[in-house]
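S.K.: sequence unknown, structure follows:
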């Protein structure tokens, strides 16, 4: 097959495909986040001038709360704010979004916070926020004429891509490290796409994905060659939080940081809502949460650096274990500009965070959720976060996918014979 | 402690507690499903006259679609149709419901159906329909003055009770068989309640639960002494299906059968919607789905019996493995009255059903979902279900909880070295 991707990260759309009118909604072009150069909408992901990352730019018409509220009960209610066509909801997709925003009174009381909400993205179709970004990537891939949806992944993204492709009736190719846990293999392979185990580390898998993206025409790697579209999906977290609060913004949000894109896009979403007059303007502090075993952004923040030095991850929070985060510098920008910080917590604190959220609010988050809850706690204890302000914390995934993290820690209070006498003697009454 | 439960299955409310005005909304009394005797609302679950099972009766005021649509984005939008107070949404609970109704075009095409929808209850907070019934039971328990939320369970109910109690800030006691899978132990214990492993079978656990319910004042066993309220939660499946179809009914619904309560309550919900004028009256055929290894209701249906002979369960669909289903006779009534049937499928077909749903629609159901999908297929192949009619099938739980069912069946297509050459040589391009 002919290569459609140049070595410096731009790609033509698949041969002989011209996107239809309105394929990208109110999006107008791709813009370099470094030098500001623009390029027409297409399968590009790096600037032609400076190789910087590209981001979708828009010209929004007037958009009202009523228009949004009249939309579907999923992320497509915000279609006008995404790089998707107006008829996006009519194509089969997993319909993610509009997950619970839970008023967390018990957890707030334990942490000494006045008002706390948990945005629980474990309620998405494959139980992580990745369904949001994959739904937008799938749409872009279809409009750009790609025939295969692909990704390198170690878990949540693999699930989301395989499920979305199955639902859309297209082929998926998911590349994972060979030593991945059997649980994550099964929950991806069950969707019937092409799951490939690669002998090597996740970094090896990533490199292979980029190589394939450069060779195979018609393959959309969601987090590589359609990444600018993909990343926009995370803006919907901000839209939903604002709408679910009754069209207003909280004072501060704590967000897990892997590549950093989720945090950066939440900030972008907030600014769009303000610009469009959908919410009243107010300052919102954004905080980043990392595991100490993979905390390149927190380290850079604390040391006052503008760049992020890569690290070799060593944490049980594997869904956040990106040692060289693409959006790291932008996370530093956002947190510094808004008055937030970036903090990190140990694996022991991560497990404590999972248990704390479960015990107080009945929400079983994955390790990334544990990172974020534990970071919230640390931010309060160290005086970095004002407990009197209204706070939102993101739970981005599901504890069912990372059972091993708590397996050694929780279990039955007692094992008894099946009699009431045994029950009372065990002190359980 | 004094006993508040008599041996024939009625109970006083906990000592010195009088439910507040409006505690049960539009519910008026409990009515025996066998002899029609009534009894005031309280912690009763068996008829004083004939020991028959009790069910909640209502006097509904006029209820409009607009009132419902203006409600919360969870089952409490239907509060006026449930035995709960008007302010129910203001108390902490897991906020289940309004799960996806997915237009399943790919699966319909494979099965030769004209129009098929999947009601995907894996999107509930603890990923099964049990969150619906537990939310209503929790509310009744609170209004009746109970202090502990309890249940015997082998999985989904255990998760739902432990999570709901944590969120509500009350104690939970969950009894499970000692040999339960480690996965289900962890996903219950993580919520911090009292999880008790019992040396014995699920039947032994059940007997112990009834004994404890008779001894401990203030303990609400959701599926024992507040069962009439608990079971009403399943009506919300019917309400949501109708609302999500634009306030109209489908032609036929395929429902998994464990105790049978879910199926019976879906039928009840449909009739209520018709009676209230919320949907146009039309016939809706209700079909029951069981695993052959535990098919007492399907057997009775096929043999033309009115009673259900108990069986000893032997199926991998453990969440449906109730050998002596309480609502079995009522399932027979509903399916015969509406023109549906009850069918069963082998464990091999169950696994095929899980894989089929995942591959075609990107939905990973638990074994109960596999039972229902496989039964749908069998109903079509045997001419019991008209493929030209609009059909809804229920996926009541999540594949992440029953990974073992498909573990031997799915996996990577290939294992390769991390090079593009290896990728193409493996025939993956």
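M.R.: That came through fine. Computed from a prediction, not measured in an experiment: that's the story for all the values here.

S.K.: Need the pLDDT of the closest residue to residue A:100 other than its chain neighbours.
M.R.: Spatial nearest neighbour of residue A:100, excluding adjacent residues (Cβ to Cβ, 6 or more residues apart in numbering or on different chains): residue A:120 at 4.6 Å. Quick note: C-beta positions are derived from backbone N, CA and C, even for glycine. For residue A:120, the model assigns a pLDDT of 97.

S.K.: now the one 4 residues further on
M.R.: Confidence per residue is given as pLDDT, and for residue A:124 that number is 97.

S.K.: Likewise for residue A:11?
M.R.: The score at residue A:11 is 48. That number is its pLDDT.

S.K.: Could you pull out the strands in the stretch 251-400 of chain A for me?
M.R.: For the stretch 251-400 of chain A, the strands defined by DSSP state E, counting those that start in this stretch occupy A:252-256, A:285-291, A:342-345, A:390-395.

S.K.: Would you mind giving the ones you listed as JSON lines with distance to chain B, mean pLDDT and mean neighbour count added?
M.R.: As requested, those are exported to JSON lines (distance: least, Cβ to the nearest Cβ, whole Å; pLDDT from 0 to 100; neighbours: other Cβ atoms under 10 Å in any protein chain shown):
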{"stretch": "strand A:252-256", "distance to chain B": "19", "mean pLDDT": "98", "mean neighbour count": "27"}
{"stretch": "strand A:285-291", "distance to chain B": "19", "mean pLDDT": "98", "mean neighbour count": "28"}
{"stretch": "strand A:342-345", "distance to chain B": "18", "mean pLDDT": "98", "mean neighbour count": "28"}
{"stretch": "strand A:390-395", "distance to chain B": "11", "mean pLDDT": "98", "mean neighbour count": "26"}
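
S.K.: JSON lines for those strands, including distance to residue B:135?
M.R.: Formatted as JSON lines, the strands of the stretch 251-400 of chain A follow (distance: least, Cβ to Cβ, whole Å):
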{"stretch": "strand A:252-256", "distance to residue B:135": "28"}
{"stretch": "strand A:285-291", "distance to residue B:135": "30"}
{"stretch": "strand A:342-345", "distance to residue B:135": "32"}
{"stretch": "strand A:390-395", "distance to residue B:135": "20"}
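
S.K.: Next to chain B, which bits of the stretch 151-300 of chain A? Give me the list.
M.R.: A:162-169, A:173, A:176, A:178, A:182-183, A:185-187, A:189-192, A:194-200, A:204-205, A:207-208, A:211-212, A:215-216 (Cβ under 8 Å from any Cβ of the partner chain).

S.K.: Counting only helices, which of those residues make the cut?
M.R.: A:162-168, A:182-183, A:185-187, A:189, A:204-205, A:207-208, A:211-212, A:215 (DSSP state H).

S.K.: about what we covered before: quick one: buried ones out of the residues of the stretch 151-300 of chain A next to chain B?
M.R.: A:162-168, A:173, A:176, A:178, A:183, A:185-187, A:189-192, A:194-198, A:200, A:204-205, A:207-208, A:211-212, A:215-216 (16 or more other Cβ atoms under 10 Å in any protein chain shown).

S.K.: ok, back up a step: out of the strands of the stretch 251-400 of chain A, the one nearest residue A:132 is which?
M.R.: Proximity to residue A:132 (Cβ to Cβ) singles out strand A:390-395 among those, at 11.7 Å.

S.K.: Looking at the next helix or strand after that closest one now, give me its mean pLDDT.
M.R.: Scanning forward in sequence from strand A:390-395 by DSSP states H and E, the next helix or strand is helix A:404-407. On average, the pLDDT along helix A:404-407 is 93.

S.K.: I'd guessed the residue nearest to residue A:100 sits against residue A:104; true?
M.R.: No. Using Cβ atoms under 8 Å, residue A:120 is not in contact with residue A:104; the gap is 9.6 Å.

S.K.: Could you tell me how many residues sit around residue A:325?
M.R.: Counted with other Cβ atoms under 10 Å in any protein chain shown, the neighbours of residue A:325 add up to 23.

S.K.: what bridges to residue A:118?
M.R.: Bridge pairing for residue A:118 (DSSP bridges) gives the partners residue A:102, residue A:393.
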